[in-house]
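*Asks:* no sequence for this one, just the structure:
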């Protein structure tokens with residue numbers, strides 16, 4: 001199975017999980033929910049799903065009450081919450097670990113933000129990414145992500161996107177050399193520099 005096909009299969013599984021757990025429906029009762037990150041870009045390699053929800057008045061207890069029924073689902077191995085209001089993330093974080101198959105555990109990362117939150121938001125990156133990605137750039141990105149996974153190297157995917165789309169990086173070695181100059185511990189406001197004509 002080639003790169004794009006593998007990514008598509010993962011995307012289909014991710015959407016099935018979201019549907020089974022009714023996560024978007026749950027989050028949309030308290031705000032506006034968006035699927036973001038690699039799931040939104042069709043660039044899934046790690047078994048991760050990301051959701052951002054924006055509320056007029058974010059309430060962590062209300063959010064946890066909406067998620068609480070998931071504890072009765074035998075496939076939900078973990079449900080946790082953390083308050084990041086006093087950090088640069090400035091939001092509430094929720095995580096689910098979901099066992100799709102015995103050897104396949106998905107992480108679902110969910111953020112609850114105020115509608116007025118400032119700073120980088122994955123929601124705002126989705127349209128830029130979909131306008132910029134081509135079949136070729138997707139292949140380069142997926143290849144680098146798969147190679148990093150094989151080597152158990154964990155780096156924020158946004159830097160892979162930046163390297164490929166803005167700096168013509170095409171392979172893992174070049175990416176690792178390039179990222180040595182980046183401060184990956186800080187949030188980034190990166191956007192693709194230009195739309196790519198397919």
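*Replies:* It's in. This is a predicted model, so every value here is computed, not measured.
*Asks:* what does the helix or strand of the chain with the lowest mean pLDDT rub up against?
*Replies:* The helix or strand of the chain with the lowest confidence, counting by mean pLDDT, DSSP states H and E, is helix 122-132 at a mean of 94. For helix 122-132, contacts defined as Cβ atoms under 8 Å, 6 or more residues apart in numbering pick out 34, 36-37, 40-41, 50, 52, 54, 158, 161, 165, 191-192, 194-196. In this view, the C-beta of every residue, glycine as well, is placed from N, C-alpha and C.
*Asks:* Ok, stretch 36-43 next?
*Replies:* By Cβ under 8 Å, 6+ apart, the surrounding residues in contact with stretch 36-43 are 7-8, 11, 14-15, 34, 44-46, 48-52, 122-123, 125-126, 129-130, 133, 138, 141-142, 145, 157, 161.
*Asks:* ok, of the residues you listed, which come out buried?
*Replies:* 7, 11, 14, 34, 44-46, 48-52, 122-123, 125-126, 129, 133, 138, 141-142, 145, 157, 161 (16 or more other Cβ atoms under 10 Å).
*Asks:* where does the helix or strand harbouring residue 40 sit relative to the chain's centre, distance-wise?
*Replies:* According to DSSP states H and E, residue 40 maps onto helix 37-41. Centroid displacement of helix 37-41 relative to its chain, using Cα atoms, centre = their mean, to the nearest Å, is 6 Å.
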